[in-house]
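S.K.: model the following, please.
(one chain, ligands or ions: 1)
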Amino acid sequence: MSVSSSGSAAYSGSLEGSNAQRGLWSSRFAFILAATGSAVGLGNIWKFPYVTGENGGGAFVLVYLLCIAIIGIPIMMAEVMIGRRGGHSPVNSIKAIAQRDGLNPAWKLVGAVGILAGFLILSFYSVIGGWAISYVGTTASGQLSGQTADAVGAIFSGLLSNPGTLLLWHTVFMALVMLVVAKGVRSGLERAVSILMPALFVLLLIVVGYAMTTGHFGQAAAFLFQPDFSKLTTSGVLVALGHAFFTLSLGMAVMMAYGSYLPKKISIAKTSITVSVIDTGVALLAGLAIFPIVFANGLEPGAGPGLIFQTLPLAFGQMPMGSLFGTLFFVLLIFAAWTSGISLLEPIVEWLEEQKGMNRTVSTLGAGVVCWALGIASILSLNLWADFAPLGFIPMLEGKTIFDLLDFFTANILLPLGGLLVALMAGWVMSKPAMEKELALSPGTFNLWFVTVRFITPIAVGVVFIYNLM
Ligand code: PHE
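M.R.: The predicted structure is shown next:
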């Protein structure tokens with residue numbers, strides 16, 4: 001990422017430095033790039049289609065889109081605003097604002113939720129990143145060409161049943177993330193993203209183009225966009241809410257950290273909306289690419305986390321130059337996952353550096369290795385421990401493996417909780433004039449945002465939580 005003062009990449013700014021000393025994003029574009037790099041990832045291409053399939057389609061998608069619009073975007077604005085006003089890493093930004101506005105320093109809890117969530121998410125995120133790495137070889141070798149749905153499914157089950165292979169690719173993915181976090185060589189990677197993300201978008205369009213030829217595009221579009229509320233459950237609403245946070249990288253103080261580098265003159269609202277629109281666009285395209293293939297091949301929309309690995313390879317096996325496109329696709333997916341993975345590890349590394357006085361290499365190694373080890377539990381959930389549901393006695397968590405539990409607890413509980421704290425902080429305790437100045441919106445728009453973070457977000461998150469507990 002290009003930060004205008006020399007040397008310091010985002011996050012690694014000194015504790016004491018003000019915004020000016022830490023260096024700012026050189027442009028609005030640089031911020032959008034980094035924020036999009038974090039937001040667009042496995043959440044859009046791997047998770048969105050499968051949770052949509054599991055939750056019945058259209059009605060779920062509608063709730064998800066509403067969550068993005070009325071909760072996600074306002075929370076993203078609040079996070080970026082807190083980061084820019086605080087001008088430090090999340091924990092210290094909140095401390096700084098707490099001092100200035102006379103708040104209780106306990107609001108630092110927001111940062112703590114983020115650190116924990118990032119660490120837990122990365123442990124299984126890296127396993128899925130590993131699947132993507134493994135599929136580069138699978139597609140490049142040409143073994144998918146002309147395969148039936150059954151054969152493609154068997155290749156995927158073969159991967160899942162092999163803990164050794166899964167561990168290998170999980171290790172490679174985690175090493176890639178640790179390398180960048182330790183070295184702070186993000187600038188090159190993030191500049192690459194400005195080419196790779198559009199390329200991913202184009203490849204998705206190519207798959208959508210192929211999907212249109214399957215004869216089931218209309219059925220897929222109806223599945224995604226015609227809400228059938230009889231298929232929506234309360235837990236589906238929770239998943240939609242959680243996924244809105246997950247996909248936009250919210251509730252984890254990531255956007256707060258990035259916001260601390262945003263120059264004052266740049267509109268927080270416009271940039272937040274841009275990032276959210278790109279992120280949502282990628283997810284919807286992924287849905288339009290995958291569901292026609294699902295229906296054309298008689299596959300199960302609710303097949304779960306393997307959905308894209310059982311559908312996209314079919315498309316690549318059938319389209320002209322499929323091996324090439326398929327290989328490219330999975331390479332680009334790795335890049336998308338990589339930039340998100342970095343933003344998941346960063347908060348804990350930064351915390352170890354600032355609070356525990358460790359240097360960057362040691363803290364990256366420490367946090368990365370523990371996270372990697374935790375990932376092994378997710379790997380085993382896919383095979384040897386597939387029937388092990390540690391919290392199965394709780395009705396809501398019945399049948400959930402360790403992998404499922406980590407996903408559930410982080411995306412559906414921790415991130416919305418982090419977002420709730422951000423909303424409460426902005427809506428109830430921070431100085432209103434200071435926020436007005438920071439957001440620089442028209443009075444009408446500001447009030448709309450303010451009412452949303454003050455009332456709508458806390459009530460929505462609260463209601464969804466309470467309903468699901470009952
Ligand atoms: N938003 C990322 C994705 O959709 C995941 C992520 C969540 C990254 C939270 C950072 C923080 O893949």
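S.K.: could you use CA atoms for every contact and neighbour count after this?
M.R.: Will do.
S.K.: what parts of the stretch 151-300 of the chain come near the ligand?
M.R.: Residues of the stretch 151-300 of the chain lying near the ligand by C-alpha under 6 Å from any ligand atom: 246-250, 252.
S.K.: can you check those and name whichever has the most neighbours?
M.R.: Ranked by neighbour count (other C-alpha atoms under 10 Å), these have Met252 at the top, with 31 neighbours.
S.K.: and that residue, what helix or strand is that in?
M.R.: Remark: Met252 resides in no helix or strand, with elements defined by DSSP states H and E.
S.K.: contacts only, for it.
M.R.: Contact analysis of Met252 by C-alpha atoms under 8 Å, 6 or more residues apart in numbering lists 110-111, 113-115, 117-118, 415, 418-419.
S.K.: check Ile342 too.
M.R.: Applying C-alpha under 8 Å, 6+ apart, the residues contacting Ile342 are 38, 177-178, 180-181.
S.K.: can you tell me how far it sits from Gly418?
M.R.: Ile342 sits 19 Å away from Gly418, going by C-alpha to C-alpha, to the nearest Å.
S.K.: ok, now Thr214?
M.R.: The spacing between Thr214 and Gly418, counted by C-alpha to C-alpha, is 42 Å.
S.K.: neighbour-wise, which of the two wins?
M.R.: More crowded of Thr214 and Gly418, by other C-alpha under 10 Å: Gly418, with 23 against 16.
S.K.: average pLDDT for stretch 237-252, rounded please.
M.R.: Here stretch 237-252 scores 95 as its mean pLDDT.
S.K.: and Pro433, how many neighbours?
M.R.: Using other C-alpha under 10 Å, Pro433 is surrounded by 9 other residues.
S.K.: got a pLDDT number for it?
M.R.: We have a pLDDT of 94 for Pro433.
S.K.: got it, and Leu15?
M.R.: Confidence at Leu15, expressed as pLDDT, is 31.
S.K.: swap in Ile94?
M.R.: Predicted confidence (pLDDT) at Ile94: the value is 86.
S.K.: so which helix or strand takes in it?
M.R.: In this structure, Ile94 is located in helix 90-101 according to DSSP H and E.
S.K.: now the very next helix or strand once past that helix: mean pLDDT?
M.R.: Using DSSP H and E, the helix or strand that directly follows helix 90-101 along the chain is helix 109-140. Helix 109-140 carries an average pLDDT of 94.
S.K.: counting contacts, what elements does helix 109-140 pack onto?
M.R.: If contacts are counted by 3 or more C-alpha pairs under 8 Å, 6 or more residues apart in numbering; DSSP states H and E, helix 109-140 sits against helix 42, helix 90-101, helix 163-183, helix 322-356, helix 360-381, helix 402-407, helix 415-424.
S.K.: run the chain-centre distance for it.
M.R.: Chain-centre distance of helix 109-140: 9 Å, with C-alpha atoms, centre = their mean, to the nearest Å.
S.K.: ok, now stretch 175-195?
M.R.: Taking mean C-alpha positions (C-alpha atoms, centre = their mean), stretch 175-195 and its chain are 17 Å apart.
S.K.: list the contacts for Ser123?
M.R.: Going by C-alpha under 8 Å, 6+ apart, Ser123 touches 371-375, 378.
S.K.: what's the separation between it and the ligand?
M.R.: Plainly put, Ser123 is 12 Å away from the ligand if you go by C-alpha to the nearest ligand atom, to the nearest Å.
S.K.: measure that residue to Ala440 for me?
M.R.: From Ser123 across to Ala440, the span is 39 Å (C-alpha to C-alpha).
S.K.: pull the most distant pair out of the residues of the stretch 151-300 of the chain next to the ligand.
M.R.: Spatially, the most separated pair among those is Thr247 and Met252, at 11.5 Å (C-alpha to C-alpha).
S.K.: following the chain past the helix or strand Met256 falls within, name the next helix or strand.
M.R.: Here Met256 sits within helix 254-259, counting by DSSP H and E. Downstream of helix 254-259, the first helix or strand assigned by DSSP H and E is helix 268-296.
S.K.: and the contacts of stretch 421-432?
M.R.: The contact list for stretch 421-432 (C-alpha under 8 Å, 6+ apart) reads 75, 78-79, 97, 101, 103, 107, 110, 251, 450-451, 453-455, 457-458.
S.K.: leaving out chain neighbours, which residue sits closest to Leu144?
M.R.: Of all residues not flanking Leu144 in the chain, Gly317 sits nearest, at 5.0 Å (C-alpha to C-alpha, 6 or more residues apart in numbering).
S.K.: let's see the pLDDT reported for the one you found.
M.R.: pLDDT for Gly317: 91.
S.K.: from what I can see it touches Gln147, true?
M.R.: Yes: Gly317 is within contact range of Gln147, at 6.2 Å (criterion: C-alpha atoms under 8 Å).
S.K.: the two: who's more crowded?
M.R.: Gly317 (23 against 16).
S.K.: what sits against the more buried one?
M.R.: Residues in contact with Gly317, defined by C-alpha under 8 Å, 6+ apart, are 144-147, 323.
S.K.: turn these into JSON lines, including secondary structure and distance to Leu65.
M.R.: Below are those laid out as JSON lines (DSSP: H, G, I helix; E, B strand; the rest coil; distance: C-alpha to C-alpha, whole Å):
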{"residue": "Leu144", "secondary structure": "coil", "distance to Leu65": "34"}
{"residue": "Ser145", "secondary structure": "coil", "distance to Leu65": "36"}
{"residue": "Gly146", "secondary structure": "coil", "distance to Leu65": "36"}
{"residue": "Gln147", "secondary structure": "coil", "distance to Leu65": "35"}
{"residue": "Ser323", "secondary structure": "helix", "distance to Leu65": "33"}
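S.K.: out of these, what pair is the most spread apart?
M.R.: Greatest spacing in the contacts of Gly317, by C-alpha to C-alpha: Gln147 and Ser323 (12.1 Å).
S.K.: tell me how far the residue positioned nearest the centre of the chain lies from Met255.
M.R.: Geometric centre of the chain, nearest residue: Thr247, 3.8 Å, by C-alpha atoms, centre = their mean. Using C-alpha to C-alpha, Thr247 is found at 12 Å from Met255.
S.K.: about what we covered before: what is the nearest of the contacts of Ile342 to Ile133?
M.R.: Ile133 lies nearest to Val177 out of the contacts of Ile342, by C-alpha to C-alpha, at 13.3 Å.
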